[in-house]
Structure formats: C-alpha cells, structure tokens
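*Asks:* Below are the sequence and a predicted model; questions follow.
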Amino acid sequence: MKKTALSIIAILISFGLFAEDGHNLWLRNKNTGNVTVVFSDNSATTAIAVEELKQGWQGKDGATITLKIKKDKTIKNDGFKFSSTGIQANTPIGILYGAYELLRRQQTSESVEEKVFNPSYEVRTLNHWDNLDGTIERGYAGHSIFWDKERNLSTSTELEKLLWKEYARANASIGINGTVLNNVNASTDMLTAGILKKVKEIAEVLRPYGIKTYLSVKFSSPVLTGSLKTSDPLDPMVIKWWNDKVKEIYKLVPDFGGFLVKASSEGQPGPQDFGRTHADGANMLADALHPFGGIVMWRAFVYSPNDKDRAKQAYNEFMPLDGKFKDNVIIQVKNGPIDFQPREPFSPLFGAMKKTSVMPEVQITQEYLGQSIHLVFLATLWEEMFKSDTYQQGAGSTVAKCTDGSIYPQKFTAIAGVSNIGLDTNWCGHEFAQSNWYAFGRQAWDNQLTSKQIAEEWIKLTFGNSNSVQTTDWKNNFLTPVMQMMLDSREAAVNYMMPLGFHHIFSADEHYGPGPWWAPKGIRADWTPPYYHQAAADGVGFNRTRTGSDAVEQYHEPLASRFNDPKTCPENVLLWFHHLAWDYKMKSGRTLWDEICSHYASGLQQVTEFQKIWDKAEIYVDAERFGRVQSKLRTQRCDAQIWNDACLLYFQQFSKKPIPYELDRPVHDLNFLIHNDMKRFKKGN
Ligand code: GCW
C-alpha cells in the first residue's frame, strides 16, 4: 500500500475520479450560488478562506460577505465571530475557521446567527504513531502519509504535498491546529538533519492551514543521535545538546510547536535511567523550547511490571511531582487509567494535579475497538470522559472543566487524539472511522458538543447534500436510524467485548479478538487478560477496593466511597473495581453470571440490528460506500459472535452455571477458538 497507493491516487487525481471512494471525507460541499468576498489582509490563510467560500457557497445567491481581522476581547485565540456583515477574528486562522463553520451550517441547514465561537482547548493536536519506515503503530488504514523509507531523504514530490494539503484542509475544517508527525516510540533518526529537512517541507504545507508541527523525541537522543556519553537531563553537555537541537529545528520551522515525550514507559528511555524525575526531564526540554514559545507534552502513560495494580501507577508517579513542572510543560494523560479500553473510569489524574497543566489524550484509531473493521463511533466515549465529575473542586468539576482552563489557570490548554489516518484512499480504512477523526476535531474545539449533534453534522456532510438534508424522507429514513446506530455503536462494542467493567481481555498483542485465556509462559502478567479479569471459582473482577489494591482512593470523595461499595458502584464499571461472586445479585435481580451473559447477547443483537439499519439505508447511499460498510458489518457480526462465545464459554469454566436458556447458544467450541487465532476470522483490514 505504499508506492502503488500513491501512484493510483495520482492517476485518480489526474482524471478527477475521486467520485465516491470516500476520499473527500466530510468536505463535499459544492457551490450552488455566487458570493462576493470582501477582505483586506493578504495572508495565505485568508486566501484559502476566500477560495473555500467561493467554491462552497450555498447561502443566498449574490450575497456579499466581509472577512474582518480586528481584535475583539470576546474572541479568544483563534476563535471567531459571525456578525451581520460576515466573519470577524483576531487572526487569519480564525477567519478560516469561521469560513468552514459558515459553510458547514449552510450544508447542514443550521442557522447562522450572530455569535462568538471560541475553542475549548488552545492546542488541538493529532498524534501520529507513524514510524520512519512508513509503518504505523496501531494504524489500520495503510502506511504513513508522511514517512516512507525510500522517500524520507529526498525532496517531497508534488503528490505528497497534495496529500498533505488535503490532510491539512480536513483538519482545519474541524479546528485541529497541531500535528505530531511521528510515533511516541520515537526513532533515533527523527532529529537528524535529513529528516528535519522533510519536517520543514511538511510544515510548509500545513502552515497556511494553521497547523503547527510537533515531534516525538527519544529521551536518549543526545547519546543515540548526538555522540554524548549520557542523556542525563542535568548534565550541562546534554542541556547544550538539546538547546542546539531546538535552535536548529526553529531555524527550519519557525512556528514549530514543541515536543511530545514518552519517557520511562514501556521500555523507552527516560530521566529515571539517570536517577532523575519526570519533572527534571520535562523541564530541561521545556527550558530549551521556552525562548521560541514551544511546549513539552509529557506523557503520563507509565507502568512497571512489578506493581500490583497497573491502574494506579500513573497517579502514584505523577502526583508527588505536582507543581514541579515548568509552565510550558503539559502532562498528557490517557482518558482512562489503563489504556484506551472500550470502557474505563476516567483517569484519577484529571483534576487531581492542581498546580500542573494536564491535557487529555484519547485514541481515534480503534486499537481496542475493532480497529478499522468495526463500526464504533467514539464521540460517546469521549463525551462520557468530558462529562465525568471528578469532584476535585466540588460537584461539577468535570474532566472537561479540569482540563480546559475553566477551573485551573493553566498557561496552556491542550488535547491530543491518536490518529487513525493512513494512505488508504478513504484515509481511515472504514467509512465510519472518518466520523471519529471528525468528532475528535469538533470536541477538541468545543468539549460541550453532544455526540448526537456531531453525528448529525457528520452524516449530513458525508452522505447528504444541501437539498436532501432538508427532506423529511431523508431525515426519517436515513439520518435518524443511521445516527441512532452510530450513537449506540460504542455501547454495543462494550457489550459484546467487555461489559460491566471487564477490560483488556484481548488475545495477544494484536488487541483485536478475545483471549481471556491468553497467558503464555514468561510474559509479564500485566500484559495478560487473567491479570485483569481474575476469573476463578469464587467469582470474577479486579478488586480495586480498600480491601484490594485500593485504587479507589485515588478518586476524590464521594467517588472513592461510591466506587468502593458494589451497591453504589456504577454497574458499567463494576468488575473494574470489584471481584464478585458469580451469583452476586445485580440491580436487575439477575445474578452476575446471568447479567454477563445477557450483555454479550445484547451486544450481538445490536450488531444484528445495525446490519438491518444499513441495508435499509441502501437507496440513500452510493453503491461503493454502501457495499464497503455492509461487508464490514458482516465481519463485525461474526466477530461479535466470537467474542460472545469465547468469553461466555471461557468464564463458564469457572462459574459452572448454564447460559440462561432464553439466550441464543454459542456456535463455536471453546477449544476451536483457543486454537484458531482471531486473525483467521479477520478480513479486509
Ligand atoms: O496502547 C498501547 C499500545 C502501544 C502504544 C502505547 C502508548 C505507542 O498498545 O502500541 O505505543 O499504548 O500509548 O505508548
């Protein structure tokens, strides 16, 4: 999917044949009227706004619209304002965002009234886990759009630049303003002169769209890339090395955003290798970037094999350092305490670090949610995180408010999403995976938007046009059912994969199919499902209460006590916090075992319904996209069956209870599933 993909794309572009292959994402608005655009600044960014308005105008024919750059106290950063005459902003990028918002409203038939639009987070970044050889860690949509072993050191081609431009445009249209170009497991070659030259070329294409470039760096770069004897952050030579490197980068990329660092985590080098703290390491880099306005996004994803509960470790390591970080350091915290699972409670670090800037990291690529095969709309997962109440400053201290500057006066506010973008013609592998890229941008811009609103916008932009979206037929028979499918899809995945607080019960490192049994000899326990589900004759679930690992204590009251008691713990995270007997009585009156069975069955049933919804939608969708989604839904249904059968038959060995007789029976034998890796069932990835 590398060179061939690029040349196929080239041929298609030259024939203008991007019909309905999904490449146009949510940007299909076509001009239906004339508009005169009045503007006074001559920036490249405003020129793009003018062009977009002319090409996509669907408002009043013959209208005149003014783009005005004028400081206004009500407009924050790159926000904007709709006024009676047009769009006003502090900066050209604000104007561009205003243009996209206006066009979106025209196409979706939403009202355009005088209003100020300000972003929730100042820095809204995609994190690409792209390697320099072109592969993407946890990427399921082809190779990297930035890197390729053979092309890295040569001058970028027009074709590459065209793709980056399309990528930049898509991001700008939803307010994304930063991108980390490489994997957090960073290559040591990243900071070499040849690669930095390529970074400069990429940055030049992204700049007019208001997108800053960031890089992931390896902490041991002074030794591995330079030729120093140590990478100790307090060593003067090391400090000088980083200072010089940062200067070199800013010479090439004057608006460079800064560094993202995964340190002392999963085998990556870090300050702890030299007896230093995360703060020592982060601050050293922050000092180097400070003169240029750059920031350090320092990840809190740390855990060691020896600790009894992986879920507690980030908090344990970072809380003692609260207040010790420079103000251009932001601690980047995954939404849950373990790792992007179908459902986790929010990370207890949100709101708890009161003197340090903290930013959420979510995962757009569906590593643990069916990858590019399953239809899973993630806005609901992220909405759940934003709305979670931490209680850190009293009721209403939601994760959104604790991270967007509403409660704590952070110098910078930011959010990151791990990208699901690759060289696949439709960018994301699954047509509906595009909605997750879209949703991330929209929520990063406005963390109060509802999933429903986002789904509705996306469906209208992706499958509708300004005429169809206004008809009752289209709304009732396409928009409403497809939107409901999207809104239910995450809970469906939770049901058929890991209901009631189950987590990390995947087979092997692939993180796709079920493997509650998976525990090869010699592998560290916290990488195996039995560590997480703890199934035994006496019950199932991880005891994180005060009698167990006491992870509940990391949450502010009343949450700690609420989570600690199985009667008050929300049932959707029950087995995350509790180890309970198989016949424990649930709120429904059913036993825990019966409840587990019924969740798996309902997940399977939900996917069956999605297939029906989609088949009924056929007349409203072009044949290509319809067919691709239909085929993936079939695989998803098979996979849901496998999840159901694998988990129920495996856990039944411990529960020793029958699957409730009113439920459908498994169709696979457990032995068959254990001996046939899920890969064999997986097609089309
Ligand atoms: O989710 C895990 C992934 C790793 C990833 C790591 C991280 C980039 O399985 O592939 O590494 O998290 O977030 O650093």
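*Replies:* Perfect, I can see it now.
*Asks:* can you give me the strands in the stretch 1-150 of the chain?
*Replies:* Ranges of strands in the stretch 1-150 of the chain, per DSSP state E, counting those that start in this stretch, are 35-39, 63-69, 80-82, 86-89, 115-117, 123-127.
*Asks:* got a list of contacts for the helix or strand following the last one?
*Replies:* The helix or strand immediately downstream of strand 123-127 is helix 158-173, counting by DSSP states H and E. With contacts defined as C-beta atoms under 8 Å, 6 or more residues apart in numbering, helix 158-173 is touched by 6, 9-10, 13, 23, 25-27, 48, 93, 96-97, 100, 104, 126, 145-146, 151, 177, 179, 201-202, 205-206, 208-211, 421, 427, 437, 441. In this view, the C-beta of every residue, glycine as well, is placed from N, C-alpha and C.
*Asks:* wait, doesn't residue 55 sit right on residue 33?
*Replies:* No. If you go by C-beta atoms under 8 Å, residue 55 and residue 33 don't touch, sitting 11.4 Å apart.
*Asks:* Would you mind measuring from residue 194 to residue 138?
*Replies:* Using C-beta to C-beta, to the nearest Å, residue 194 is found at 26 Å from residue 138.
*Asks:* more neighbours, those two?
*Replies:* residue 138 (17 against 10; other C-beta atoms under 10 Å).
*Asks:* dump the residue contacts of the more buried one.
*Replies:* Counted by C-beta under 8 Å, 6+ apart, residue 138 has contacts 129, 363, 365, 367, 418, 511.
*Asks:* go again using 10 Å as the cut-off
*Replies:* 129, 183, 340, 363, 365-368, 371, 418-420, 511 (C-beta atoms under 10 Å, 6 or more residues apart in numbering).
*Asks:* Setting aside sequence neighbours, what's the nearest residue to it?
*Replies:* Excluding its sequence neighbours, the residue lying closest to residue 138 (C-beta to C-beta, 6 or more residues apart in numbering) is residue 367, at 4.4 Å.
*Asks:* Name the helix or strand for that neighbour, please.
*Replies:* Per DSSP H and E, there is no helix or strand for residue 367.
*Asks:* Please name the residues that touch it.
*Replies:* Counted by C-beta under 10 Å, 6+ apart, residue 367 has contacts 129, 137-140, 339-341, 418, 420, 506, 510-512.
*Asks:* before we move on, what about residue 145?
*Replies:* Counting by C-beta under 10 Å, 6+ apart, residue 145 touches 5-6, 128, 130, 134, 136, 160, 163-164, 166-167, 181, 202, 419, 421-424, 427.
*Asks:* Need phi/psi at it.
*Replies:* Phi and psi for residue 145, reported as degrees, to the nearest 10, are phi -80, psi -10.
*Asks:* wait, doesn't residue 546 sit right on residue 554?
*Replies:* No. Residue 546 is beyond contact range of residue 554, at 11.9 Å (criterion: C-beta atoms under 10 Å).
*Asks:* re earlier: now the buried members of the contacts of residue 138.
*Replies:* Among the contacts of residue 138, those classed as buried by 16 or more other C-beta atoms under 10 Å are 129, 183, 340, 363, 365-368, 371, 418-420, 511.
*Asks:* ok, these vs residue 388, which is closest?
*Replies:* In terms of C-beta to C-beta, no member of those lies closer to residue 388 than residue 340, at 15.5 Å.
*Asks:* per-residue confidence at the nearest residue to that closest one once chain neighbours are set aside?
*Replies:* Spatial nearest neighbour of residue 340, chain neighbours left out: residue 363 (4.1 Å); criterion: C-beta to C-beta, 6+ apart. In the predicted model, residue 363 carries a pLDDT score of 98.
*Asks:* Just the strands from the stretch 151-300 of the chain, written as ranges.
*Replies:* Using DSSP E, counting those that start in this stretch, strands in the stretch 151-300 of the chain cover 178-180, 212-217, 258-261, 295-299.
*Asks:* Sorry, wrong one. I was asking about the stretch 551-685 of the chain.
*Replies:* Here the stretch 551-685 of the chain has no strands by DSSP E, counting those that start in this stretch.
*Asks:* The contacts of residue 367: which two are farthest apart?
*Replies:* By the measure C-beta to C-beta, 139 and 341 form the most distant pair in the contacts of residue 367, at 19.0 Å.
*Asks:* List the contacts of the nearest residue to residue 271 once chain neighbours are set aside.
*Replies:* Nearest residue to residue 271 in three dimensions, chain neighbours excluded: residue 281, at 3.3 Å (C-beta to C-beta, 6+ apart). Going by C-beta under 10 Å, 6+ apart, residue 281 touches 219, 231-234, 261, 263-264, 269-274, 296, 298, 329.
*Asks:* now, which of the residues you listed lie within helices?
*Replies:* Among those, no member is found in helices (DSSP state H).
*Asks:* of the residues you listed, buried ones?
*Replies:* Among the contacts of residue 281, those buried by neighbour count (16+ other C-beta under 10 Å) are 219, 231-233, 261, 263-264, 269-274, 296, 298, 329.
*Asks:* Confidence-wise, which of the residues you listed comes last?
*Replies:* residue 264 (91).
*Asks:* Do I have it right that it meets residue 318?
*Replies:* No. The pair residue 264 / residue 318 is not scored as a contact, 11.4 Å apart, by C-beta under 10 Å.
*Asks:* Return a ChimeraX selection command for the buried portion of the contacts of helix 158-173.
*Replies:* Of the contacts of helix 158-173, the buried ones can be selected in ChimeraX as follows, counting by 16+ other C-beta under 10 Å:
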select :6,9,23,25,26,27,48,93,96,97,100,104,126,145,146,151,177,179,201,202,205,206,208,209,210,211,421,427,437,441
